[in-house]
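give me the fold of what follows.
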Amino acid sequence: MIYLRLLILLAISSMAQAQLPPANLSQDPVFTTILNRRLSYPRQAQWSSRYGRVFAEFTINEKGRVQDISILNHSAEGDYAGFEPSVIAALKKLPSLNLQFIGRYILPISFVLVDYRHKDKPFIPTDTLHIQDLMDRIILKEIKVMGSNINSRERIKAASGNEAY
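Residues are numbered from 1 along each chain as shown. Alright, predicted model coming up:
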């Protein structure tokens with residue numbers, strides 16, 4: 001009789017655990033809202049009409065803190081344009097996250113450039129990673145950061161003078 005009670009209890013507890021959805025950091029409002037507010041298109045990249053994708057690797061430790069931040073596709077151009085420092089700074093400023101998100105992650109961040117001189121055609125990066133870079137890591141949903149290479153003064157001046165910019 002005791003075995004039957006234990007079996008029923010075990011079945012109920014396993015059903016309760018199966019109903020919980022897996023934790024998804026990409027859907028965490030704290031993570032996405034704060035990171036979107038902290039990420040901005042670097043001015044140096046806008047002025048030099050650069051765009052790109054950065055793959056940031058990081059770990060969330062047992063205290064919920066983001067640590068071990070690195071860029072998997074590091075390049076001199078991405079560093080010069082300010083993409084990599086911008087991503088690292090934004091990740092470092094994140095508050096402690098929920099402990100259910102402990103693990104190693106890869107976050108793709110696209111810096112998309114809109115060139116208003118070419119009929120608002122966005123330049124979308126096509127960078128990718130090799131499969132060996134993805135091992136033992138959870139890949140998050142890509143974040144897009146929009147920028148343009150024409151500042152608002154130029155647009156206002158062109159619009160007021162009915163000129164092309």
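
what is the end-to-end distance of stretch 123-140?
22 Å (C-alpha to C-alpha, to the nearest Å).

with stretch 46-53 instead?
14 Å.

so which bits of it are buried?
Neighbour counts using 16 or more other C-beta atoms under 10 Å place 46, 50-53 of stretch 46-53 among the buried residues. Any C-beta I mention is one placed from the backbone N, CA and C, and that applies to glycine too.

and which of the residues you listed is nearest residue 36?
Set against residue 36, the nearest of the buried residues of stretch 46-53 by C-beta to C-beta is residue 53 (16.3 Å).

continuing past the helix or strand of the chain with the lowest mean pLDDT, what's the next helix or strand?
Every helix and strand of the chain was ranked by mean pLDDT, DSSP states H and E. The lowest is helix 2-18, at a mean of 50. Going down the chain from helix 2-18, the next helix or strand is helix 29-38, by DSSP states H and E.

got the buried residues for that next one?
Buried, per 16+ other C-beta under 10 Å, within helix 29-38: 31, 34-35.

if we only consider those residues, which is nearest to residue 101?
Distances from residue 101 to the buried residues of helix 29-38, taken by C-beta to C-beta, are shortest for residue 31, at 7.7 Å.

can I assume residue 38 is in contact with residue 87?
No: counting by C-beta atoms under 8 Å, residue 38 stays clear of residue 87, with 9.6 Å between them.

so what secondary structure elements neighbour the lengthiest strand in the chain?
Determined from DSSP state E, the single longest strand within the chain is strand 103-115. Under the contact definition 3 or more C-beta pairs under 8 Å, 6 or more residues apart in numbering; DSSP states H and E, strand 103-115 sits against helix 43-47, strand 52-60, helix 83-92, strand 121-123, strand 138-139, strand 143-148.
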